[in-house]
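J.: Sequence plus predicted model, see below.
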Amino acid sequence: MASPDQTPGQTSDQTSGQTPTLDWRDETIPVSRRFDDPYFSLAGGLDETRHVFLAGNGLPGRFCDGFRIAELGFGTGLNLLAVLLAHQGPGHVHYTSFEAFPLPARDIARALQLFPEVAGVADAFLDQWEAGATILQFPHLTATVILGDARETLPAWEGQADAWFLDGFSPAKNPELWSPELMVAVARHTGPGGTFATYTAAGHVRRALSEAGFRVTRQPGFGRKRHMSTGMIHASVTASRISPG
């Protein structure tokens, strides 16, 4: 998943993103001052990831060699670590995340202390992240973190995804990451049979995804959230991108 001018494992400059300013709830849960929103559910971040992003996309049952995940909002990397725990091979998964405000390794390490279950995969991630790498190598997965404003970086991305994790901060507090234009870009970068899952069931988000070309469904949410949203790309959307002959 390296870009043409990068080789796997190459170190990139993470300062091309903006370092966020944090508050810490109960000394353990990072809260973005910019968006006034925690990085993961207070009811259990790892359980939320498994309920919303893994189960919501039918994972790990769909994993196969070459399977492609894309994500809006890398945050603490908890979703990536949940995928690493869920996929131990065979086959190699490609994971691409778009992040405008990358967290320093020290803050990620502090946040991940809440989840001892991820310790076995977190060390390999943190070692690479602290060294400045944005292409992260694991035995059965390659992750690429694309830094910068997703409204610019996603439309320019040449890849596609089989499953999307839409994990920006709350749509009410971070509307830029849920705009109709960005949801169109998500749809355009979704492969045949591709899906999305997100913790939000906000009406304007659901409408934007539907208008972009997804068949949207509402599902039971995690914790205190009554509902979440999932969806599959309409076949006509992907078929329209295939040139005749």
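T.: Done, it's in. Keep in mind the model is a prediction, meaning the values are calculated, not measured.
J.: Spell out for me which residue occupies the centre of the chain.
T.: Glu71 (2.4 Å; Cα atoms, centre = their mean).
J.: May I have the phi/psi pair for that one?
T.: phi -140, psi 140 (degrees, to the nearest 10).
J.: in terms of contact, does it touch Leu177 like I think?
T.: No. Taking contacts as Cβ atoms under 8 Å, Glu71 lies outside contact range of Leu177: 11.2 Å. (Each C-beta comes from the backbone N, C-alpha and C, glycine too.)
J.: Do a quick rundown of the helices in this protein.
T.: Assigned by DSSP state H, the helices in the chain fall at 45-49, 78-86, 105-112, 119-130, 150-156, 180-188, 203-212, 235-239.
J.: What is the neighbour count of Asp37?
T.: Neighbour count for Asp37, taken as other Cβ atoms under 10 Å: 14.
J.: just Asp23 next, same as before
T.: 11.
J.: ok, what's across the strand from the residue nearest to the centre of the chain?
T.: Ser97, Phe165 (DSSP bridges).
J.: strands paired with the lengthiest strand in the chain, and their directions?
T.: Determined from DSSP state E, the single longest strand within the chain is strand 190-198. Paired strands of strand 190-198, with direction, are strand 161-166 (parallel), strand 227-233 (antiparallel) (DSSP bridges).
J.: between that strand and helix 203-212, how big is the angle?
T.: Interaxial angle, strand 190-198 versus helix 203-212 (axes from the mean of the first three to the mean of the last three Cα atoms, to 10 degrees): 170 degrees.
J.: average pLDDT across strand 190-198?
T.: Across strand 190-198, pLDDT averages out at 98.
J.: again, but for stretch 79-95
T.: On average, stretch 79-95 scores 97.
J.: Regarding that stretch, how distant is the last residue from the first?
T.: Using Cα to Cα, to the nearest Å, the end-to-end distance of stretch 79-95 comes to 10 Å.
J.: list the buried ones in that stretch?
T.: 79-85, 87, 92-95 (16 or more other Cβ atoms under 10 Å).
J.: swap in stretch 184-202?
T.: 184-191, 194-202.
J.: Tell me what His227 is bridged to.
T.: Per DSSP bridges, the residues bridged to His227 are Pro220.
J.: my guess is it contacts Arg218, does it?
T.: Yes. The criterion here is Cβ under 8 Å, and His227 meets it with Arg218 at 5.0 Å.
J.: who touches both of those two?
T.: Shared contacts of His227 and Arg218 (Cβ atoms under 8 Å, 6 or more residues apart in numbering): Ala201.
J.: thinking again about what came up before, out of the helices of the chain, nearest to Ser32?
T.: helix 105-112 (11.0 Å; Cβ to Cβ).
J.: Just the mean pLDDT for that closest one, thanks.
T.: Average pLDDT, helix 105-112: 94.
J.: C-alpha coordinates for that helix, CSV please?
T.: Output in CSV follows, covering the C-alpha atoms of helix 105-112 (Å, rounded to 0.1, in the frame of the first residue of the first chain):
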residue,chain,number,x,y,z
ALA,A,105,3.0,7.8,20.6
ARG,A,106,3.2,8.8,24.2
ASP,A,107,-0.4,9.8,24.3
ILE,A,108,-1.5,6.7,22.4
ALA,A,109,0.4,4.5,24.8
ARG,A,110,-1.3,6.2,27.7
ALA,A,111,-4.7,5.7,26.2
LEU,A,112,-4.1,2.1,25.3
